[in-house]
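# Next comes the sequence, and after it the predicted model I'd like to discuss.
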2 protein chains.
Amino acid sequence: MIDKTHKLFEQLEFHTQENNDFLKNLTIDNVIFGYHNKELKVLLVKNPYITPWMLPGGYIKKTEDVETAADRVAIQRTGISNLYLKQFKIFSKPGRNKSVFFTPESLAKLSGVTIKKNHWLFDQFATVGFYTLTEFSKVDINKNDLEEEVKWYDINDLPTLLYDHDQIIYEAVKALRHNIYHFPIGYELLPEKFTLPEIRILYQTILGREMDDRNFSRKLLSLGIIEKLGETKSTQGHRPPYLYSFNKIAYQKALDQGIFFS
Amino acid sequence: MIDKTHKLFEQLEFHTQENNDFLKNLTIDNVIFGYHNKELKVLLVKNPYITPWMLPGGYIKKTEDVETAADRVAIQRTGISNLYLKQFKIFSKPGRNKSVFFTPESLAKLSGVTIKKNHWLFDQFATVGFYTLTEFSKVDINKNDLEEEVKWYDINDLPTLLYDHDQIIYEAVKALRHNIYHFPIGYELLPEKFTLPEIRILYQTILGREMDDRNFSRKLLSLGIIEKLGETKSTQGHRPPYLYSFNKIAYQKALDQGIFFS
DNA sequence: CAAATAGTGTCTTTTAGACATTATTAA
DNA sequence: TTAATAATGTCTAAAAGACACTATTTG
């Protein structure tokens, strides 16, 4: 049985009371992408009492909009604030949130709290899918106030997931890959100063294909979104690469107006 | 007082019973664009008992997804089936659906039905915004099983609207204008056979700017999405234009993969 | 000097953009 | 023949795409 000092217990008690502060039938889920070591990863959480891994997500207060809820949930589960959030799709297939791992019976058994069979927690839910990009190293995966396990998974090597979360991640990757052709990327995924090979490998990783180094840098420089700094990055045993940074103004303009990146 | 034979009465009776068939706190709204006479119009509905004009929209059954609901509502309100539907944004600002025109009191007064003050109909609702494109002439605006007034409004000359529907239309236009640069358009908005000036004026109308006739046709032809037919369209007093049709395969491919249209 | 990786320039092809004259029909 | 509008081709500029050699550092 669940440890009554665990945050899940607190949460359950909270939600299973007749609570009217949250929207019924609608949640948000965040696909938090982190880039690290030439791999695109996604942040998953696992409650010790619910077997499958899940996307960080949650309920929406009636006093907040979905963006605020997504931000709140992201901070709550990951400790990161001010994430760039992109709403990409709503998932609403009937029965999408049915799971043997989240039923009145299973929760009652774990928590000792009696839960009505037709409680709104177990009703049909649509969920608003958001994705977000962050630098891997910014996330302290131990700062998690729900006492859940938190882990980065490579997008090509995901564990079994709750509900339709595999589908949500698939669509998030699709949306991300589509958007990279129309908007600049990297601001949230690279350190302040980065090298040309670093940003090129980021693009290659997200798109899953090789890009010509000369044409790539020419394009970014001609758009004005990156700028060469005087400095180089010290490396071992080979020519040191120059450091670059984003030109905030050009970057923001490209975000607003859109670009065409082949 | 409301005429009890009016469909609204029936609807009210239906929804004000404790009905558990619909998602709480979530609706859909359709921005139905119709192209006609070099103008981009949007279909609005008005219930004789609720003053402001509204977008066609509605509740979502727990047994359907939002796309199905949007399609169902579109058919119900306009008589058109098989509309191309594009989900573009969710609107969820707290208080967005507060209006003096839709309260327990106003409805009770109209209908004679007593409605609980905290009935879910008057609770906070998020709404999924869809837009759709259709040929003006396909819509029989009299085929409306809710006995509402239905009217096409020019997007630059909208009446006062219920809730945040002006905002929803604004965002739909923005999404449509963005998408026209990345996906082909016209299949739903033009007759099967159309002329080059017709499709060019369609683009110009949506984008709100002039386009060079020679460069425009060169681009569409080189993408392969339109094809010249042998025939011409008879006109009055000037050279008759050739007729073209869409190449379905190339059009679908362009929809799937995206294009870049400057 | 070898190994490792970064930096950079040029040519070709494709696409975009600007621009004006001729063609066809009906009245 | 005039009025109305459609059709069409060419030149130039910009961008994309392909491609290979030189530079710098450490061990």
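Yes, it's here.

# Can you report how many residues neighbour the closest residue to residue A:65 other than its chain neighbours?
With CB to CB, 6 or more residues apart in numbering or on different chains as the criterion, residue A:65 has its nearest non-adjacent residue at 4.3 Å, and that residue is residue B:92. (Glycine included, C-beta is placed from N, CA and C.) Residue B:92 has 26 neighbours, counted by other CB atoms under 10 Å in any protein chain shown.

# Please tell me how far residue B:92 sits from residue B:182.
26 Å (CB to CB, to the nearest Å).

# Repeat that for residue A:196.
28 Å.

# Please apply the same query to residue A:134.
Counting by CB to CB - residue A:134 and residue B:182 are separated by 26 Å.

# got it, and residue A:251?
Separation of residue A:251 from residue B:182 (CB to CB): 21 Å.

# still on that earlier bit, so the residue nearest to residue A:65 makes contact with residue A:63?
No. Assessed by CB atoms under 8 Å, residue B:92 is found out of contact with residue A:63, at 11.1 Å.

# if we can go back for a sec, the residue nearest to residue A:65 and DNA strand D: what is the separation?
For residue B:92, the distance to DNA strand D equals 37 Å [CB to the nearest atom of the strand, to the nearest Å].

# same deal with residue A:78?
Where DNA strand D is concerned, residue A:78 sits at a distance of 36 Å (CB to the nearest atom of the strand).

# Any regions of the stretch 101-250 of chain A where pLDDT drops low?
Across the stretch 101-250 of chain A, the ranges flagged by pLDDT under 70 are A:142-146.

# Regarding residue A:41, what are the backbone dihedral angles?
When read as degrees, to the nearest 10, the backbone of residue A:41 gives phi -120, psi 160.

# Then residue A:129?
phi -90, psi 130.

# quick one: contacts for it?
A:28-29, A:31, A:87-91, A:168, A:171-172 (CB atoms under 8 Å, 6 or more residues apart in numbering or on different chains).

# go on, residue A:162?
A:50, A:52-54, A:99, A:101-102.

# Kindly list the main-chain dihedrals of it?
phi -70, psi 150.

# What separation is there between it and residue A:74?
Counting by CB to CB - residue A:162 and residue A:74 are separated by 18 Å.

# circling back: quick one: which of the contacts of residue A:129 is nearest residue B:155?
residue A:87 (23.3 Å; CB to CB).

# Okay, now the sheet partners of the helix or strand hosting that closest one, with direction.
Using DSSP states H and E, residue A:87 falls within strand A:84-91. Using DSSP bridges, strand A:84-91 pairs in its sheet with strand A:126-135 (antiparallel).

# Where does the closest residue to DNA strand C within the stretch 51-200 of chain A sit: helix, strand or coil?
In the stretch 51-200 of chain A, the residue that lies nearest DNA strand C is residue A:197 (3.5 Å; CB to the nearest atom of the strand). Secondary structure, DSSP: H, G, I helix; E, B strand; the rest coil: residue A:197 is helix.

# tell me how far the ends of stretch A:15-25 are from each other?
Here the two ends of stretch A:15-25 are set 14 Å apart, with distance taken as CA to CA, to the nearest Å.

# And for it, what's in contact with it?
So stretch A:15-25 is contacted by A:59-63, A:113, A:115-116, A:119-121, A:123-126, B:23-26, B:62, B:120, B:124, B:126 (CB under 8 Å, 6+ apart).

# What is the burial count for the nearest residue to residue A:121 once chain neighbours are set aside?
Using CB to CB, 6+ apart and skipping residues adjacent in sequence, the residue nearest residue A:121 is residue A:15, 5.9 Å away. By other CB under 10 Å, the residues close to residue A:15 number 17.

# Report the rounded mean pLDDT for the helix or strand harbouring residue A:15.
Assigned by DSSP H and E, residue A:15 belongs to helix A:7-16. Mean pLDDT, helix A:7-16: 73.

# Ok, stretch A:77-85 next?
84.

# Report the separation between the residue nearest to residue A:121 and residue B:134.
From residue A:15 to residue B:134 the distance is 43 Å (CB to CB).
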